[in-house]
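A.B. asks: Here is a sequence with its predicted model. Questions after.
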Amino acid sequence: MKAVVFPKSGLITEQGTLLQWTVSEGDRVEEGQLLCEVETEKTTIEVTAPVSGLLRKILVAEGGKGPVGMTLGWIGEADEEIPEVKEVPSLPGATPEKSTPAASSKVRPQRAAGGGRLRASPAARKLAAENGIELAEISGSGPGGAITTGDVERAIEAVAADADAERVPMSSMRRAIANQTQESFQQAPHFYLTLEADAELLSGGRPEGVSITHCLIKAAGLALREFPQMRAQIQGEEFLIPNAVHVGLITAVEGGLVVPVVRDADQLTLSEISDKVRTLVDNARAGKLSGDDASGAAFSITNLGMYDVETFHAIIHTPESAILAVGTVTEKPVVEDGNVVPGKRMALTLSCDHRVVDGVIAARFLGRLKALLEDGSELGLK
């Protein structure tokens, strides 16, 4: 009996909603066949059959919610026993607890015994009345929770700020990005290295349909194969070094970012990478990335060159230990053989997690990446 599980899409997915089943309980399915679709905070994941057999049991109905790794159903043969169904783990924040007076962090305005007037200074009462502020809505900071003029002034400022601004709730995708980037920046001690690469060959020597980004993915794949520490990830007190070289590409979509993954980037040709990236980006922007297409990256690339950004520092996409930020190709005077000549340069900025990577290793990796891009022969540009 084989479990159908809710896969992880990207590195920060915690929960999702099952949108629909495309098969029914009791149907025979083939390995790789689409079974259902699960919506996460960033995309819609297509869940496929891990093996061929009968869909013996559906555990999560359409509209059901659950965490990554949850069993959605079971596939097996008619004579196999269905494993005991365990209770679905509760989700963080799924059942908000009602606040109690003891849990409140604010001291509410105090009333006199017997339900009398709110405790507030005469000056605070006058200021509130002049500005249309309800004392009952203000938390007092004075002795015993009494309302002071300072409390009223802060309430007036808050009302004025609200009048000049629009409150827009964060989408689930934006919350996921906020949580992931904050966690990365707080937990991973970042350091940065920048090199300028000669972009003359990249600018004019690429095959049709191949972009600079495709060349970067190929070069990163080759360099990562040579520098396994650059694809290491922290797991407890150990380093996990994936054998395969999968490269993530930070991609803008409506409402935020996703990270489709080019698998085995070191083994693909530029043409294959071009075709793969085109499909991945189309699926990402349509919200149709599969779990495999959005997970497992050992390293990521973000390119803002098309927006004329020359250089920037990227936040590491944890649990990866490094990310490459790429700027635009700029024309500038360069010195060659003692002569000043026109040149094309592109800034490559590497962000690294110092818990995993030291400066010397990172510098050697970045130098190798630069050499691969400038020479081009190992990329297939010559």
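C.D. replies: That came through, no problem. Residues are numbered from 1 along each chain as shown.

A.B. asks: And for Leu222, the neighbour number?
C.D. replies: When neighbours are counted by other CB atoms under 10 Å, Leu222 registers 19. Just so you know, the C-beta spots here come from the backbone N, C-alpha and C atoms, and that holds for glycine as well.

A.B. asks: which SS state does it fall under?
C.D. replies: helix (DSSP: H, G, I helix; E, B strand; the rest coil).

A.B. asks: Okay, domains of this structure per the record?
C.D. replies: Domain ranges of the chain: 2-76, 187-375, per automatic domain parsing.

A.B. asks: mind listing what the most centrally placed residue in the chain touches?
C.D. replies: Among the residues of the chain, the one closest to the centroid is Ile177, at 5.0 Å (CA atoms, centre = their mean). Going by CB atoms under 8 Å, 6 or more residues apart in numbering, Ile177 touches 256-257.

A.B. asks: before we move on, back to that, could you export the domains of the chain as JSON lines, including distance to Lys126 and mean pLDDT?
C.D. replies: Below are the domains of the chain laid out as JSON lines (distance: least, CB to CB, whole Å; pLDDT from 0 to 100):
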{"stretch": "domain 2-76", "distance to Lys126": "49", "mean pLDDT": "86"}
{"stretch": "domain 187-375", "distance to Lys126": "47", "mean pLDDT": "95"}
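
A.B. asks: Next, format these as TSV and append distance to Glu84.
C.D. replies: Below are the domains of the chain laid out as TSV (distance: least, CB to CB, whole Å):
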stretch	distance to Glu84
domain 2-76	11
domain 187-375	26
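
A.B. asks: all helices of the stretch 201-350 of the chain, in order?
C.D. replies: Listed in chain order, the helices of the stretch 201-350 of the chain (DSSP state H, counting those that start in this stretch) span 212-226, 270-285.

A.B. asks: Nearest spatial neighbour of Leu289, chain-adjacent residues omitted?
C.D. replies: Leaving aside its chain neighbours, Leu289 sits nearest to Thr43 (4.7 Å; criterion: CB to CB, 6 or more residues apart in numbering).

A.B. asks: Surely that neighbour touches Gly287?
C.D. replies: Yes: counting by CB atoms under 8 Å, Thr43 does reach Gly287; the two are 5.1 Å apart.

A.B. asks: With neighbour numbers in mind, choose between the two.
C.D. replies: With neighbours defined as other CB under 10 Å, Thr43 and Gly287 compare such that Thr43 has more, 27 against 18.
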